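Peer 1: Sequence first, then the predicted structure, then my questions.
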Amino acid sequence: MSQEKEFTPSTELQEQSLKFLGEHPDLKWIEGFMFDINGIPRGKWLPAESAEKLLKGALQMPRSAASLDVWGRDVENSPLLFASGDSDGVCLPVSPICAAPWHREETAQLHMQLHEADGSPLYADARSQLQRVVARLKELGYTAVCATEIEFYLLREEVDHLERPRPVSDNDADLVPSTDVYDLSELDAQRHFFADVRAACEAQGIPADSVLSECAPGQFEINLLHSADPVRVADQTLLFKRLLKGVARSHGLRVTTMAKPFGNQAGNGMHVHMSLIDDSGKNVFNDGSNEGSELLRQAAAGMLATANDAMAFFAPHSNSYRRFQESSHAPLNLCWGYDNRTTTLRVPASAPEARRIEHRIAGADVNPYLALAAILTGVCHGIENRLEAPAPVEGDAYQVESEQLVNTWSGALERFQKSPLWPQYLDPRFAELFLLLKRQELAEIGARVTDVEYQSYLHRV
């Protein structure tokens with residue numbers, strides 16, 4: 001029988017957590033949770049009196065909880081399941097205790113990472129895989145500065161007569177589909193929701209920046225500020241997605257970051273802005289020119305060369321592939337360009353010191369740990385092999401003849417399995433577990449007969 005082991009959180013994390021507890025004597029609950037391979041939070045609610053024990057590793061969960069499928073089921077033949085007795089790991093905090101202000105009762109949350117019982121990293125936790133790639137980049141002498149932009153739909157709680165979700169909008173979107181990019185009236189109509197989102201971000205230390213109305217009624221985008229800690233960026237992105245959904249529920253609404261919730265409307269993307277700094281803090285993509293440095297081009301070449309190997313991370317679900325359509329602002333061809341939103345990689349117009357690459361493949365349905373791990377794997381691959389980028393594309397990249405992104409889920413998993421990259425950059429056990437999980441999901445989706453099939457074939461053929 002295993003004995004509970006006590007761990008010591010970092011001094012800063014412990015001090016901030018204890019300060020919060022002292023300022024909230026009426027606290028009722030603590031949500032202790034980690035994020036699984038799909039980016040879904042898994043954890044427990046515990047009485048507030050358990051807070052200090054949680055900080056020291058009192059929360060245990062099955063190691064297999066890191067790799068549940070999207071429906072929350074165990075993965076068949078997982079080495080973490082019956083082959084190892086479905087043993088427990090320990091959840092260790094990675095962020096201080098902070099408020100979850102959308103709950104009726106005063107509730108706090110503690111974001112954690114699942115480890116082995118002795119406190120060593122658990123390979124099945126996606127956060128540990130990003131940590132590996134960040135360390136690999138550090139060995140090359142560089143640190144990635146990253147920021148994410150998250151698109152989402154704000155939905156009415158009720159559904160229509162076909163059980164479809166309905167976006168919240170200030171116009172009659174059901175009758176006249178429209179594009180509402182940068183429409184301030186859309187923001188004003190939801191001002192109370194966004195005010196509570198802002199307040200929750202401040203309570204949780206999430207660096208939310210600008211808010212804008214996006215390409216469809218009820219669709220919005222919120223940008224998070226950049227940081228030189230990619231793991232922290234992924235943490236904040238996942239916590240932000242959870243926060244959005246919590247605040248929406250408190251308003252009688254719903255939020256979805258599903259990649260393509262409406263077939264005739266824009267999909268939800270998660271664009272990632274990335275640059276590299278050296279040990280002195282200098283942006284090594286900046287050489288004083290408008291084009292950027294050789295390192296920028298090597299990084300771009302590496303990201304393009306590895307994009308299809310990583311497509312299973314950038315588009316991890318069946319629905320993800322509906323987002324990739326011509327003239328949709330989602331890329332189709334493997335190319336790059338300057339200030340060009342039709343390309344896979346875009347170098348935004350900026351002052352030279354802010355030179356960076358915008359990666360435009362991932363949907364908002366991704367696990368940011370894995371999306372960032374894949375992006376930085378491409379960067380490492382390009383720099384380590386001194387790859388040369390193709391010529392940048394000008395004009396409509398949808399009309400360019402080049403290698404295309406893998407456009408099916410099964411094709412992406414096949415490419416992932418055959419790729420020589422992942423044994424080099426990730427724990428091979430994680431890659432095998434990821435494939436087991438995703439193939440289980442693929443088989444389940446493939447076995448289900450859809451409504452459109454009944455409507456098309458049941459009484460016709």
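Peer 2: Happy to help now that I have it.

Peer 1: Would you map the helices across the protein?
Peer 2: 11-23, 51-55, 126-139, 184-189, 191-204, 230-250, 294-306, 311-314, 368-384, 409-418, 422-425, 428-447, 451-457 (DSSP state H).

Peer 1: Can you redo those helices as TSV, where the extra columns are mean pLDDT and mean neighbour count?
Peer 2: In short, each C-beta sits where N, CA and C put it, glycine included. Shown next, in TSV, are these (pLDDT from 0 to 100; neighbours: other Cβ atoms under 10 Å):
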stretch	mean pLDDT	mean neighbour count
helix 11-23	96	14
helix 51-55	94	19
helix 126-139	98	20
helix 184-189	80	15
helix 191-204	94	17
helix 230-250	97	22
helix 294-306	98	23
helix 311-314	98	26
helix 368-384	98	26
helix 409-418	98	17
helix 422-425	96	17
helix 428-447	97	17
helix 451-457	93	10
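
Peer 1: With distance to residue 320 added, can I get the ones you listed in TSV?
Peer 2: Below are the helices of the chain laid out as TSV (distance: least, Cβ to Cβ, whole Å):
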stretch	distance to residue 320
helix 11-23	34
helix 51-55	34
helix 126-139	17
helix 184-189	25
helix 191-204	25
helix 230-250	15
helix 294-306	18
helix 311-314	8
helix 368-384	11
helix 409-418	7
helix 422-425	19
helix 428-447	11
helix 451-457	19
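
Peer 1: right, and the ones you listed - which one's nearest residue 96?
Peer 2: helix 11-23 (3.8 Å; Cβ to Cβ).

Peer 1: ok so, going back, of the helices of the chain, which is nearest residue 397?
Peer 2: helix 294-306 (12.1 Å).

Peer 1: So which residues make contact with the closest one?
Peer 2: 274, 276, 284-285, 287, 334-336, 344-345, 347, 355, 357, 359, 374-375, 377-383, 385-390, 421 (Cβ atoms under 8 Å, 6 or more residues apart in numbering).

Peer 1: what's the domain layout of the protein?
Peer 2: 12-120, 133-444 (automatic domain parsing).

Peer 1: a markdown table please, covering those and showing distance to residue 454.
Peer 2: As requested, those are exported to a markdown table (distance: least, Cβ to Cβ, whole Å):
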| stretch | distance to residue 454 |
| --- | --- |
| domain 12-120 | 22 |
| domain 133-444 | 12 |
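
Peer 1: out of those domains, nearest to residue 126?
Peer 2: Nearest of these (Cβ to Cβ): domain 133-444, 4.1 Å.

Peer 1: what residues are up against residue 63?
Peer 2: Going by Cβ under 8 Å, 6+ apart, residue 63 touches 80, 84, 86, 87, 88, 89, 114, 116, 122, 124.

Peer 1: Spit out the contact partners of the most centrally placed residue in the chain.
Peer 2: With distances taken as Cα atoms, centre = their mean, the residue of the chain nearest its centroid is residue 368 (2.7 Å). Residue 368 makes contact with 39, 148, 233, 234, 237, 238, 270, according to Cβ under 8 Å, 6+ apart.

Peer 1: isn't the second one right up against residue 235?
Peer 2: No. Using Cβ atoms under 8 Å, residue 148 and residue 235 do not qualify as a contacting pair, with a distance of 11.0 Å.

Peer 1: just to revisit the earlier point, mind checking which of the contacts of helix 294-306 are buried?
Peer 2: For the contacts of helix 294-306, a burial check counting by 16 or more other Cβ atoms under 10 Å picks out 274, 276, 284-285, 334-336, 344-345, 347, 355, 357, 359, 374-375, 377-383, 387, 389, 421.

Peer 1: shaky segments in the stretch 1-150 of the chain?
Peer 2: Across the stretch 1-150 of the chain, the ranges flagged by pLDDT under 70 are 1-4.

Peer 1: quick one on the thing from earlier: of all the contacts of residue 368, which two lie farthest apart?
Peer 2: Going by Cβ to Cβ, the pair spanning these furthest: 39 and 233, at 13.7 Å.

Peer 1: Not counting its neighbours along the chain, what's nearest residue 216?
Peer 2: Distance criterion Cβ to Cβ, 6 or more residues apart in numbering; nearest residue to residue 216, sequence neighbours excluded, is residue 265 at 3.9 Å.

Peer 1: While we're on that neighbour, how confident is the model there?
Peer 2: Confidence at residue 265, expressed as pLDDT, is 89.

Peer 1: How far off centre is stretch 262-274?
Peer 2: 12 Å (Cα atoms, centre = their mean, to the nearest Å).

Peer 1: Which positions in it come out as buried?
Peer 2: 262, 265, 266, 267, 268, 269, 270, 271, 272, 273, 274.

Peer 1: Out of those residues, which comes closest to residue 110?
Peer 2: For the buried residues of stretch 262-274, the closest approach to residue 110 (Cβ to Cβ) belongs to residue 270, at 24.7 Å.

Peer 1: one step back: out of the helices of the chain, which is closest to residue 102?
Peer 2: Comparing the helices of the chain against residue 102 with Cβ to Cβ, the closest turns out to be helix 230-250 (3.9 Å).

Peer 1: re earlier: out of the helices of the chain, nearest to residue 395?
Peer 2: Here helix 294-306 is closest among these (Cβ to Cβ), at 18.1 Å.

Peer 1: Only alpha carbons, please: show that closest one as PDB.
Peer 2: C-alpha atoms of helix 294-306 as PDB (Å, rounded to 0.1, in the frame of the first residue of the first chain):
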ATOM      1  CA  GLU A 294      18.400  34.200 -41.000                       C
ATOM      2  CA  LEU A 295      17.200  32.500 -37.800                       C
ATOM      3  CA  LEU A 296      13.600  33.700 -38.500                       C
ATOM      4  CA  ARG A 297      13.800  32.000 -41.900                       C
ATOM      5  CA  GLN A 298      15.200  28.800 -40.400                       C
ATOM      6  CA  ALA A 299      12.500  28.700 -37.800                       C
ATOM      7  CA  ALA A 300       9.900  29.300 -40.500                       C
ATOM      8  CA  ALA A 301      11.400  26.600 -42.600                       C
ATOM      9  CA  GLY A 302      11.300  24.200 -39.700                       C
ATOM     10  CA  MET A 303       7.700  24.900 -38.900                       C
ATOM     11  CA  LEU A 304       6.700  24.400 -42.500                       C
ATOM     12  CA  ALA A 305       8.700  21.100 -42.800                       C
ATOM     13  CA  THR A 306       7.100  19.700 -39.600                       C
END
